[in-house]
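Novice: need a 3D model of the following:
(one chain, ligands or ions: 2)
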Amino acid sequence: MPENVKSKNLTDQELIRRIQQLKSEKNAVLLAHYYQVPEIQDLADYVGDSLGLAQKAATGKSDLIVFAGVHFMAETAKILNPTTKVVLPDLEAGCSLADSCPKDDFAAFKAKYPDHIVISYINCTADIKTMSDVICTSGNAVQIVESFARNQKIIFAPDKNLGGYINRVTGRNMVLWDGTCEVHDVLSTEAVINLKLDNPDAKLIAHPECKAAVLELADFIGSTTAMLNFTKTDDSKRYIVATETGILHQMQKDSPGKEFLIVPTDETCSCNDCPYMKLNTLEKLYLCLKNEQPEIILNDEVIKAAEVPIRRMLDISKKLNLIK
Ligand code: 13P
Ligand code: SF4
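Specialist: Ligands and ions are numbered 1, 2, ... in the order given. This next block holds a predicted model:
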């Protein structure tokens, strides 16, 4: 097999060495989401949640952005850095939420509500971003929605669980697109209840992409970074964690004396790996840095139109001190 397809069965250690070397030779920055495998998180120049990663991408000064995450995240980095090459280790690393919202269907949906603005969760394609007034992430969604007048009519897309959560917290009545995250939406309420009964001292922390029944039981609801920060400062010693398993790596690093119990999807599976996030491997990361592909390509018009609502989100977040 040629080396650009298979990297001669290199050991992980050798892959890590080569990735570090290529990163410095090419003045590349490696951005990684918390749902990446631990080896990739540990190699990254910056590891964060969607908000942190978007902010980091907006302040980039590198010659090459390697995005260890999923496609919509790498697209966002490209939109914010149109003249920089952006690569993703595996182009198949998509997202069920982004896939749930095809552009023609969304255009027809939007046309039914001509007096509504559109707030889209960053987990959507660049095409959906071009049809949005402002973007949000789970780290700023409530505040972005609250930055609009109470009588402002709003469509929220594509995550109905996050949208429903914001409606409940803010007392709004946003029209919701019917999309879900295939990882969070299937976390079992029964398993949460059983874990709570078996571990009465453990606090339940949950991502707002979980369904309402799980969120209702939670002691804390927040984005990936918000959950991490909560477990660092909170005085409990044990947590039931309702989100993707990748977060446990940082939680355990940040709070070595604490115990984290992951909520399973059902009795047969105790892992909640996002199948798209986990497509990225050390080997694919190495090849991607070496060959500078697969590259994210977007046309200029899409980039220009999609940049507006992303910059609006970053501006609102800065004004509200949610980011620096
Ligand atoms: P955050 O990074 O905003 O917590 O979102 C989690 C997620 O599902 C990313 O795909
Ligand atoms: Fe998409 Fe869910 Fe995977 Fe995040 S965890 S990338 S929302 S499928």
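Novice: check whether the longest helix anywhere in the chain comes near ligand 1.
Specialist: Identified as the longest helix of the chain according to DSSP state H is helix 300-319. No. Using C-beta under 6 Å from any ligand atom, we find that helix 300-319 stays clear of ligand 1, coming within 12.0 Å at best. In short, each C-beta sits where N, CA and C put it, glycine included.
Novice: report the backbone C-alpha coordinates of that helix in CSV.
Specialist: The C-alpha coordinates for helix 300-319 follow below in CSV (Å, rounded to 0.1, in the frame of the first residue of the first chain):
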residue,chain,number,x,y,z
ASP,A,300,-16.5,32.1,-1.7
GLU,A,301,-20.2,33.1,-1.6
VAL,A,302,-21.0,30.5,1.0
ILE,A,303,-17.9,31.6,3.0
LYS,A,304,-19.0,35.3,2.9
ALA,A,305,-22.6,34.6,3.8
ALA,A,306,-21.9,32.0,6.5
GLU,A,307,-19.2,34.3,8.2
VAL,A,308,-21.8,36.9,9.1
PRO,A,309,-23.9,34.9,11.7
ILE,A,310,-20.7,33.3,13.1
ARG,A,311,-19.0,36.7,13.7
ARG,A,312,-22.3,38.0,15.2
MET,A,313,-22.2,35.1,17.7
LEU,A,314,-18.6,35.8,18.5
ASP,A,315,-19.3,39.6,18.9
ILE,A,316,-22.3,38.9,21.3
SER,A,317,-20.2,36.4,23.2
LYS,A,318,-17.4,38.9,23.7
LYS,A,319,-19.8,41.6,24.8
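Novice: where does the stretch 101-250 of the chain get nearest to ligand 2, which residue?
Specialist: Ligand 2 sits closest to C181 of the stretch 101-250 of the chain, with a gap of 3.2 Å, by C-beta to the nearest ligand atom.
Novice: give me the distance between that residue and L261.
Specialist: Noted for C181: a distance of 20 Å to L261, by C-beta to C-beta, to the nearest Å.
Novice: swap in L80?
Specialist: 37 Å.
Novice: and C181 and L261? Which one has more around it.
Specialist: More crowded of C181 and L261, by other C-beta atoms under 10 Å: C181, with 25 against 16.
Novice: now for A28: which residues touch it?
Specialist: 22, 62-66, 289 (C-beta atoms under 8 Å, 6 or more residues apart in numbering).
Novice: any stretches of the stretch 151-300 of the chain with poor pLDDT?
Specialist: Counting by pLDDT under 70, the stretch 151-300 of the chain contains low-confidence residues at 266-271.
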